[in-house]
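# return a 3D structure for these sequence lines:
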Amino acid sequence: MPRRKNVYSSFPTFVEHKGKLYIYYRQGTKDKRQCHGMDGVVREIILEKEEFFHQLKDRSLRLTSGNSFSRWISKTRRRVKAYRDSDESWESCGTVVFSSENELDAIVSRLDENRFSLCTRTYIPGKAIAPTVSFAAEPDFDDRWPVTIPSIDWFVFYGKSFTSSRGYVFPAYGQRKGEPVIRPFLLVTDDGHHWDLLATITDYPREVILNESSIVFDGHSYYMFMRQDNGPFGIWVTESTDLLQWSPPKKLFSMAHAPMAIHQKGQILLAYRRLMTINQSAVGLAEFNPLSDLSTGKAKQTDFGEYGLTGRKLLDFYSGNPYDGGYADLAWVDEKLVTLYYLGNRDAEPAVRFSVLDPRELPSRQVLR
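Now for the predicted structure:
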């Protein structure tokens, strides 16, 4: 999704299904009143996976520039379902799926082989509006339903949802009723209409603000990676074997936001926004390898010097406001790690890009600059 004047493209996520990549992202209008712009809509693009990788054989498209991506979309739009509407030009980069006064999120997840979810929300400063969720047998959505939970004052979805023995689990953060503190928690549903609060993360220092979280399961334990939203910022991690009881969170590293993690091929990979200087940020990738049970409180140091990290690397850089980029989604697709992210600039007109890495290019044992 190329950079366009006065357009704010952000918060992309994707899933692979039946030979296609289904991409969802939020696109709004640049607006000085709101960091991420206003008039947001949720857009969908569907790419043929074979064609996607064919284009990426050209190394110059490894980190796809906006112009290169838009030219490719223009040439292939007849084969891309996202251009099914007669009033959509290729410059719009996708079909509008949902629109309201201001859409802000678009989190698509695979729950199982034939069930997918899409978390969205309308954001208007000063208004409390319930987040919404869509379910479908294919990652193509028509309807959505508001989610409210009596014990929660307000909340926001973040991170990929997944299936567990307890139901469909959705990471979120917000405030419980009667409590002024923002916390990460887990929501659960069996049918998409009846929701409960499954767990809340509470056992961490009172001066620390944790919110956005992403959860993976390695076959034995669940690991929740969380964003610290006050200085010096950073990524924290907590562990559970049952999704109910969680170990005291530990800090992985500072100067980072927006964790998104996956567990595949026997390893846990974490994408994040790296805060570098006041005017420069980056999209980062780390490998996490827990060396001990987090609940013991005895975190063993690695050669890298930080708990549980065996390496980090930076995928891409941008200037300007750090909040104008850095959110990412990642997945293994045909033996390659595909990372989708949005990237800011000094004019607050972000573009959405791909990075594709071979296994030998992963950050294991690589030191962050």
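# what pairs with T238 across the strands?
M224 (DSSP bridges).
# buried residues of stretch 238-248, list them for me.
By neighbour count on 16 or more other Cβ atoms under 10 Å, the buried set for stretch 238-248 is T238, E239, S240, L243, W246, S247. From N, CA and C alone the C-beta is placed, and that goes for glycine too.
# how about stretch 208-227?
Buried-residue list, stretch 208-227, by 16+ other Cβ under 10 Å: 209-217, 221-227.
# farthest pair within those residues?
I209 and F217 (25.9 Å; Cβ to Cβ).
# what's next to stretch 216-223, contact-wise?
162, 215, 225, 237-241, 243, 261-263, 268, 288, 290 (Cβ atoms under 8 Å, 6 or more residues apart in numbering).
# go again using 6 Å as the cut-off
I215, V237, E239, S240, T241, L243, A261, H263, I268 (Cβ atoms under 6 Å, 6 or more residues apart in numbering).
# just give me the closest of those to E50.
Nearest to E50 among the contacts of stretch 216-223, with distances taken as Cβ to Cβ, is H263, at 26.2 Å.
# follow-up on the earlier one: where is pLDDT lowest across the buried residues of stretch 208-227?
Sorting these by pLDDT puts S221 at the bottom of the list (93).
# and it, how close does it get to P248?
Distance of S221 to P248, computed by Cβ to Cβ, to the nearest Å: 15 Å.
# where does the stretch 101-250 of the chain have low pLDDT?
By pLDDT under 70, the stretch 101-250 of the chain has no low-scoring segment.
# give me every residue that touches P131.
P131 touches R121, V147, F157, counting by Cβ under 6 Å, 6+ apart.
# let's go with 7 Å and repeat that
C119, R121, V147, F155, V156, F157 (Cβ atoms under 7 Å, 6 or more residues apart in numbering).
# name the nearest residue to A271, ignoring sequence neighbours.
Distances taken as Cβ to Cβ, 6 or more residues apart in numbering put A328 closest to A271, at 3.9 Å, once the chain neighbours are dropped.
# mind checking pLDDT for the one you found?
pLDDT at A328 comes out at 98.
# which residues does stretch 98-115 contact?
Residues contacting stretch 98-115 (Cβ under 7 Å, 6+ apart): 11, 13-15, 22, 24-26, 28, 36, 38-42, 116-124, 135, 137, 139, 144, 157, 160-163, 168.
# could you do stretch 228-238 as well?
Residues from elsewhere that reach stretch 228-238 (Cβ under 7 Å, 6+ apart): 201, 208-211, 223-227, 246-247, 249-257, 259, 272, 275, 294, 308.
# same question for stretch 356-365.
L56, R62, L285, A286, E287, T310, G311, R312, K313, K336, L337, V338.
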